[in-house]
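> give me the fold of what follows.
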Amino acid sequence: MAAALQEKTKQEISPEELVRRVAIVKRFRELLIQQRDRFREYLEVLDKQKDVIEEGKAEDLIAHVELEEKIVADIFSIQKVIDPLEDMYRASYPDRESEVPNLKAALEELKEEAVVRSERNRELLSKRMAEIRSEIKALRGNPYAARRPVYGGSDSASLIDIKG
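Numbers count the residues shown, from 1 in each chain. Predicted coordinates for the structure are as follows:
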C-alpha cells in the first residue's frame, strides 16, 4: 500500500515541481559541501594558529585571528541559507533521504573538531599570555631597569657648547 501511494505521488508531480525539487536538492547539497569545505579550512587555520601561538609571533597571530574571524563569518552566513533550504528539502522529500545525512554527519564531526581545536588554541594563548606577563613583571622588578643611564639621561645636558 505504501509503495502504491508513493507511485501515485510520483505520478502526480508536475514537471515544474520536479525541476523545483531537484534544484532544491542540488542547492542544498552544494551548500552543505561548501560548509564542509569552510570547516576544513577553519581547522587548517586553527592548526597553523597553534604553531603561531607557540612561536609567539604577535603579527602572525593577529593575521590568523583576522582570517579565523572571516572564516567563522562565512560559516555563519552559509548556515543562514542552509537552515531554510533544509526545511524546503524536508518538505519536498519527507520520506526520502539521500546523501544529505552523510554530509550533515560529516559537518557535525567537523564542528566538534573545530570546537576542540579552538579551545586548545585558547588554552595555549592563555598560557602564552601568562608567560609574557611574568616576563614583564620580571623586567619591572629588575633593579637595573629603573636606573638612569650615565650618558643621555634627563639630568645631563642635551647641547654642548664646543666654541667655548
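
> output the lowest mean pLDDT helix or strand found in the protein.
Every helix and strand in the chain was compared by mean pLDDT, DSSP states H and E; the lowest is helix 2-12, with a mean of 50.

> next SSE downstream of it?
Of the helices and strands lying after helix 2-12 in sequence (DSSP states H and E), the nearest is helix 15-55.

> against which helices or strands is that next one packed?
helix 58-92, helix 100-140 (3 or more C-beta pairs under 8 Å, 6 or more residues apart in numbering; DSSP states H and E). No exception for glycine: its C-beta is placed from N, CA and C like everyone else's.

> what angle do the last one and helix 15-55 make?
Regarding helix 100-140 and helix 15-55, their directions subtend 20 degrees when assessed with axes from the mean of the first three to the mean of the last three C-alpha atoms, to 10 degrees.

> same thing with the first one?
Here the directions of helix 58-92 and helix 15-55 differ by 160 degrees (the same axes, to 10 degrees).

> in helix 58-92, what counts as buried?
Buried residues in helix 58-92, counted by 16 or more other C-beta atoms under 10 Å: Leu61, His64, Glu68, Ile71, Ile75, Ile78, Ile82, Leu85, Glu86, Met88, Tyr89, Ser92.

> right, and the second one touches Tyr42 too?
No: counting by C-beta atoms under 8 Å, His64 sits too far from Tyr42 to count as a contact (11.3 Å).

> spatially, what comes nearest to Arg120 if we skip its sequence neighbours?
Lys50 (6.8 Å; C-beta to C-beta, 6 or more residues apart in numbering).
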